[in-house]
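**Student:** quick one, what's the 3D model for this:
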Amino acid sequence: MEGHLAGFGGEFEREGDVTPEEARERAVLLLSRMVGAMAPARAVRHVEPELSDQIVRTCPAHALD
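**Tutor:** As a prediction, this is how the structure comes out:
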């Protein structure tokens, strides 16, 4: 987990004018959103596959909003 946070944080630092602390906070938020989206997608996968697909498509597309 720490490696992913460091990688995402490094990208945020390179992209814009943010402190290392702000970059880490953004990395934590991004990773949490991405992982959090998987729970409902998996929960409905067998009963509502279209909804599962929509969750999997939509969440990464808006993860940085």
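**Student:** let me see the mean pLDDT of the longest helix along the chain.
**Tutor:** Ranked by residue count, the top helix of the chain under DSSP state H comes out as helix 20-44. Mean per-residue pLDDT for helix 20-44: 93.
**Student:** and the residue of the chain positioned farthest from its centre, helix, strand or coil?
**Tutor:** Distance from the C-alpha centroid of the chain, by C-alpha atoms, centre = their mean, peaks at residue 47 (24.4 Å). Assigned with DSSP: H, G, I helix; E, B strand; the rest coil, residue 47 falls in the coil class.
**Student:** phi first, then psi, for it.
**Tutor:** Residue 47 adopts backbone torsions of phi -100, psi -30, taken as degrees, to the nearest 10.
**Student:** on that earlier part again, from the contact counts, what lies against the longest helix of the chain?
**Tutor:** Counting contacts by 3 or more C-beta pairs under 8 Å, 6 or more residues apart in numbering; DSSP states H and E, helix 20-44 packs against helix 2-15, helix 49-61. To be clear about C-beta, it is placed using only N, CA and C from the backbone, and glycine gets the same treatment.
**Student:** then stretch 23-43 to PDB, C-alphas only?
**Tutor:** Taking Å, rounded to 0.1, in the frame of the first residue of the first chain, the C-alpha atoms of stretch 23-43 are listed here in PDB:
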ATOM      1  CA  ALA A  23       0.200  15.200  -2.500                       C
ATOM      2  CA  ARG A  24       0.000  12.300   0.000                       C
ATOM      3  CA  GLU A  25      -3.500  13.400   1.100                       C
ATOM      4  CA  ARG A  26      -4.600  13.300  -2.600                       C
ATOM      5  CA  ALA A  27      -3.000   9.900  -3.000                       C
ATOM      6  CA  VAL A  28      -4.800   8.500   0.000                       C
ATOM      7  CA  LEU A  29      -8.100   9.900  -1.300                       C
ATOM      8  CA  LEU A  30      -7.500   8.500  -4.800                       C
ATOM      9  CA  LEU A  31      -6.600   5.100  -3.600                       C
ATOM     10  CA  SER A  32      -9.500   5.000  -1.200                       C
ATOM     11  CA  ARG A  33     -12.000   5.900  -3.900                       C
ATOM     12  CA  MET A  34     -10.600   3.300  -6.300                       C
ATOM     13  CA  VAL A  35     -10.600   0.500  -3.700                       C
ATOM     14  CA  GLY A  36     -13.900   1.600  -2.200                       C
ATOM     15  CA  ALA A  37     -15.600   1.500  -5.600                       C
ATOM     16  CA  MET A  38     -14.800  -2.200  -5.900                       C
ATOM     17  CA  ALA A  39     -17.000  -3.300  -2.900                       C
ATOM     18  CA  PRO A  40     -20.300  -2.200  -4.400                       C
ATOM     19  CA  ALA A  41     -19.300  -3.300  -7.900                       C
ATOM     20  CA  ARG A  42     -18.600  -6.800  -6.600                       C
ATOM     21  CA  ALA A  43     -21.700  -6.900  -4.400                       C
END
